[in-house]
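1. need a 3D model of the sequence below.
(one chain, ligands or ions: 3)
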Amino acid sequence: MKVLKFGGTSVGTAESLAHVKEIVEALTEPAVVVVSALGGLTDKLISTAKLAAGGDASFRDEMERISERHHKIISDTVAPAKHKEVLAIVEPLLAELANLYKGVALIGTLPEQTLDQIVSYGERISSVIVSRIVEGAVHYDSLKIVKTEKWFNRNIADSALTERLIRETIKPDAGRVAICGGFIATDRDTGEITNLGRGGSDYTAALIAAALNADILEIWTDVDGFMTADPRIIPGARVIDTLSFVESMELCSFGAKVVYPPTIYPVFHKNIPIRILNTFRPERPGTLIADPSKKKAEEISARGVSVLRGVSLIELYGPGIENVPEINSRSFNALAKNGVSVLLVSQPTPAKPFSFAIASADSENALKALYDEFAPDMENGSVSEIRTLPEKAILAVVGESIGSVRGIGARISNTLQRAGIRVGASTHGASSANHSCVVAETDANEALRLVHEMFFE
Ligand code: ADP
Ligand code: ASP
Ligand code: MG
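-> Ligands and ions are numbered 1, 2, ... in the order given. Next up, the predicted model:
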């Protein structure tokens, strides 16, 4: 049994949907297909909601275009005999969406819950359409199957409940492929519509693959596989034939957008391999993500490089920071209790402040947590200052055991510094499969180009 996920890039046009139909109808084993919203639609649903909330009447034209796009896709891809049936489901959903926009325009604000409701129509509608394009498919409603819980101010998957509901509900059968929307979910306590975060359809597919003990999870997208760097920034990036789970987790967590980071964990946990494939060139082998084969020391090398933007560096100054283990554990605990994850911790050196990187979106929470934690130390002078440096990016060089290669950090720093790029904190990271360093966000693309050249060209 396998799970296939088709992203927005694969379900955006009649042409791409023809590929999806061909790929899915050729399957001979039981399968579940997870689809995203039509390409670009989630962004459009959000921007239209903002227009409505801001009192800009053009939201009505935008809604009209959203409706037309869906009608056109249906008439271009669904067999005429099924038009009536599919429109009977899709038109009421589009009417609900239009009403939500009108409500937002009237109130003039856009509560988070309303936005979550609005974006859900993307996958609710696309999954119905795809289920009527693919011969013999059965549609499942993800809102009833995928459950989230509140964690600080975020929604995160309730994996145990979701696993149970998936097992109870989805019964994949050879010749009757199960189709459902990715990304969308409901809150386990309130039943309100939520989602798994932008790019979250990959994660829906991974939760289903893990729950049903799939043989493989296939992520179908618009590139030939996982590449040595983002091909939009590095045109010479190459497809990687195999990656270990840990390598892919590191690359995704540090900005390689091809797979949504939480996706890897559920399948890794069950040792279910992932294959990244190109919907437009299905004959290509793609990238296989699986357990690593043991490497000899001389075979250890970088497999890919990536950049994570929107990062801030936090620095602690004062005589007390020399007690690194204590400062480390107190900072981490204070941050974890406030839902802030640390992305990178610098290797301590005597001349430098104690520093670590977090997502800039977490800055305010992080500073508050640290001021609370270190209030007594600031009072007695052992911590003199806590400083935030925004607009940073983390550059990550990833490869199984790369952290154990002697001098790797110095080689990367020297290359960047020779090109006039300042390197902030630098570290082997939490995993030995990642060596990362902090650079200014404005230097990120050039830094990526230089390290890609250093390892792959
Ligand atoms: P989908 O709609 O299929 O989910 P995404 O846009 O989320 O597609 O992911 C695919 C895109 O990820 C590619 O088009 C590519 O531009 C980008 N990308 C970023 N980093 C990488 C990488 N290391 N390898 C391959 N693609 C990458
Ligand atoms: N449609 C959602 C998004 O654009 C989820 C996804 O595509 O994975 O973020
Ligand atoms: Mg994606």
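2. thought Val128 was touching Val90?
-> Yes - the pair Val128 / Val90 is scored as a contact, 6.1 Å apart, by CB atoms under 8 Å. Heads up, the C-betas are built off the backbone N, CA and C, glycines and all.
3. taking this structure, what residue is nearest to ligand 1?
-> As assessed by CB to the nearest ligand atom, ligand 1 sits closest to Gly7 within the chain, at 2.1 Å.
4. how about the nearest residue to Leu448 once chain neighbours are set aside, secondary structure?
-> Nearest non-adjacent residue to Leu448, counting by CB to CB, 6 or more residues apart in numbering: Val307, 5.1 Å away. What DSSP: H, G, I helix; E, B strand; the rest coil gives for Val307 is strand.
5. and for the one 4 residues further on?
-> Secondary structure state of Val311, per three-state DSSP, is strand.
6. any idea how far Asp291 is from it?
-> 30 Å (CB to CB, to the nearest Å).
7. for those two, indicate the residue with more neighbours.
-> Val311 (28 against 10; other CB atoms under 10 Å).
8. that one and Asp116, how far apart?
-> 26 Å.
9. and for Gln417?
-> 45 Å.
10. these two: who's more crowded?
-> The neighbour count for Gln417 versus Asp116, taken as other CB under 10 Å, is higher for Asp116 (19 against 11).
11. poorly predicted segments of the stretch 301-450 of the chain, please.
-> Where the stretch 301-450 of the chain drops to pLDDT under 70, the residues are 348, 428-430.
12. and for Glu29, the neighbour number?
-> Glu29: 12 neighbours (other CB under 10 Å).
13. ok, now the one 4 residues further on?
-> As a burial measure, the neighbour count of Val33 was computed by other CB under 10 Å and equals 28.
14. same question, Gly103
-> 11.
15. any residue of stretch 57-68 touching ligand 2?
-> No - Stretch 57-68 is not in contact with ligand 2 by CB under 6 Å from any ligand atom; minimum separation 13.6 Å.
16. now that stretch: mean pLDDT?
-> Across stretch 57-68, pLDDT averages out at 98.
17. state the distance from Glu250 to ligand 2.
-> According to CB to the nearest ligand atom, to the nearest Å, Glu250 and ligand 2 sit 20 Å apart.
18. Leu106 now?
-> 27 Å.
19. got a list of what the spatially most central residue of the chain touches?
-> The chain has Tyr260 as the residue nearest its centroid, 2.4 Å off, counting by CA atoms, centre = their mean. Neighbour list for Tyr260: 196-203, 252 [criterion: CB atoms under 8 Å, 6 or more residues apart in numbering].
20. kindly report the same for Val32.
-> 1-4, 170, 172, 177-180, 205, 208-209, 212, 214.
21. got a list of contacts for the helix or strand containing Ala98?
-> Element membership of Ala98 [criterion: DSSP states H and E] is helix 83-107. With contact meaning CB under 8 Å, 6+ apart, helix 83-107 is reached by 45, 48-49, 52-53, 55, 57, 59-60, 63, 66-67, 70, 74-75, 78, 110, 114, 117-118, 121, 124-125, 128-129, 132.
22. hang on, the earlier thing: what about the residue nearest to Leu448, how many neighbours?
-> 24.
23. Arg65 now?
-> Neighbour count of Arg65, defined by other CB under 10 Å: 12.
24. does Leu217 have beta-bridge partners, and which?
-> Residues in a beta bridge with Leu217, per DSSP bridges, are Val3, Ile274.
25. contacting residues around it?
-> By CB under 8 Å, 6+ apart, the neighbours of Leu217 are 2-3, 5, 205-206, 209, 267, 272-275.
26. among the residues you listed, which one lies nearest to Glu25?
-> Lys2 (14.4 Å; CB to CB).
27. and that closest one, what does it touch?
-> Lys2 touches 27, 29, 31-32, 209, 214-218, counting by CB under 8 Å, 6+ apart.
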